[in-house]
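Visitor: 3D, please:
(2 chains)
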Amino acid sequence: TQLLEQSPQFLSIQEGENLTVYCNSSSVFSSLQWYRQEPGEGPVLLVTVVTGGEVKKLKRLTFQFGDARKDSSLHITAAQPGDTGLYLCAALNAGNMLTFGGGTRLMVKP
Amino acid sequence: GAGVSQSPRYKVAKRGQDVALRCDPISGHVSLFWYQQALGQGPEFLTYFQNEAQLDKSGLPSDRFFAERPEGSVSTLKIQRTQQEDSAVYLCASSGGLGTEAFFGQGTRLTVV
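Guide: Predicted coordinates:
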């Protein structure tokens, strides 16, 4: 059982649609991070959420940290083909080590 | 350099062969991490260095895996007697220290045949 469970695992949508991906755990975290990874590249940090209930926006991407700090969601509005990639959530431990979820692979078709 | 550099980008090894994967972190970054990413999965932690000290190697899957960072800069991940299950992308990341953003390299894709 993974510490962080991401859903769905795969998502294929048309350009212009909205979508939400989830990152869930039974553990409480001081913070969660979201990364995007494109094929042949390493993950790139999108955002860090630290406060329960926090909402952060990055252009068309909206990130939310659950009130109990056990889960997080990423909502994309009007998805573009450039949003295609693997979206990973990760928890940072006291030793600065990241524990990643299994990821959501998103494909946005033009 | 501007970012984390890993080499080679691709490596094909025959089962039983030893391999060495190199990571050049961002200049001045004290923390360096190695992760293993199997196809279709998220990265999994292997080991962590602070300067030249290996502070955590709990994620190394077996004693065939060995990592070093002798001068606190470049790091090498060595895999001895490679097996098919070692096939994965090996990612290196560096950061300026606790609580700072980690930057990832492009990874080395290892295929063991």
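Visitor: Not counting sequence-adjacent ones, nearest residue to the spatially most central residue of chain B?
Guide: Nearest residue to the geometric centre of chain B (Cα atoms, centre = their mean): B:Trp34, 3.5 Å. Nearest-residue entry for B:Trp34: B:Leu46, 4.2 Å, with adjacent residues in sequence omitted and distances by Cβ to Cβ, 6 or more residues apart in numbering or on different chains. Using the backbone N, CA and C atoms, a C-beta is placed for each residue, glycine as well.
Visitor: residues touching that neighbour, list them.
Guide: Neighbouring residues of B:Leu46 by Cβ atoms under 8 Å, 6 or more residues apart in numbering or on different chains: B:33-36, B:57, B:59-61, B:65, B:67, B:77, B:90.
Visitor: Could you pick out the buried ones from these?
Guide: B:33-36, B:59-60, B:65, B:67, B:77, B:90 (16 or more other Cβ atoms under 10 Å in any protein chain shown).
Visitor: got JSON lines for these, with distance to A:Trp34 too?
Guide: Formatted as JSON lines, those follow (distance: Cβ to Cβ, whole Å):
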{"residue": "B:Phe33", "distance to A:Trp34": "18"}
{"residue": "B:Trp34", "distance to A:Trp34": "22"}
{"residue": "B:Tyr35", "distance to A:Trp34": "16"}
{"residue": "B:Gln36", "distance to A:Trp34": "21"}
{"residue": "B:Gly59", "distance to A:Trp34": "22"}
{"residue": "B:Leu60", "distance to A:Trp34": "27"}
{"residue": "B:Phe65", "distance to A:Trp34": "29"}
{"residue": "B:Ala67", "distance to A:Trp34": "27"}
{"residue": "B:Leu77", "distance to A:Trp34": "26"}
{"residue": "B:Tyr90", "distance to A:Trp34": "22"}
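Visitor: List the beta-bridge partners for the residue nearest to the centre of chain B.
Guide: B:Thr47, B:Cys92 (DSSP bridges).
Visitor: ok, now B:Leu21?
Guide: Per DSSP bridges, the residues bridged to B:Leu21 are B:Leu77.
Visitor: go on, A:Lys56?
Guide: A:Phe63.
Visitor: what sits against it?
Guide: So A:Lys56 contacts A:47, A:49, A:62-64 (Cβ under 8 Å, 6+ apart).
Visitor: how much space between B:Gln17 and chain A?
Guide: For B:Gln17, the distance to chain A (Cβ to the nearest Cβ, to the nearest Å) stands at 24 Å.
Visitor: which residues touch the residue nearest to the centre of chain B?
Guide: So B:Trp34 contacts B:23, B:45-48, B:67, B:75, B:77, B:90-92 (Cβ under 8 Å, 6+ apart).
Visitor: Which one of the contacts of B:Leu46 is nearest to A:Thr77?
Guide: B:Tyr35 (30.6 Å; Cβ to Cβ).
Visitor: so what's the residue nearest to that closest one when sequence neighbours are not counted scoring on pLDDT?
Guide: Using Cβ to Cβ, 6+ apart and skipping residues adjacent in sequence, the residue nearest B:Tyr35 is B:Pro43, 3.8 Å away. Turning to B:Pro43, the model gives it a pLDDT of 97.
Visitor: Report how many residues lie close to B:Pro43.
Guide: 28 (other Cβ atoms under 10 Å in any protein chain shown).
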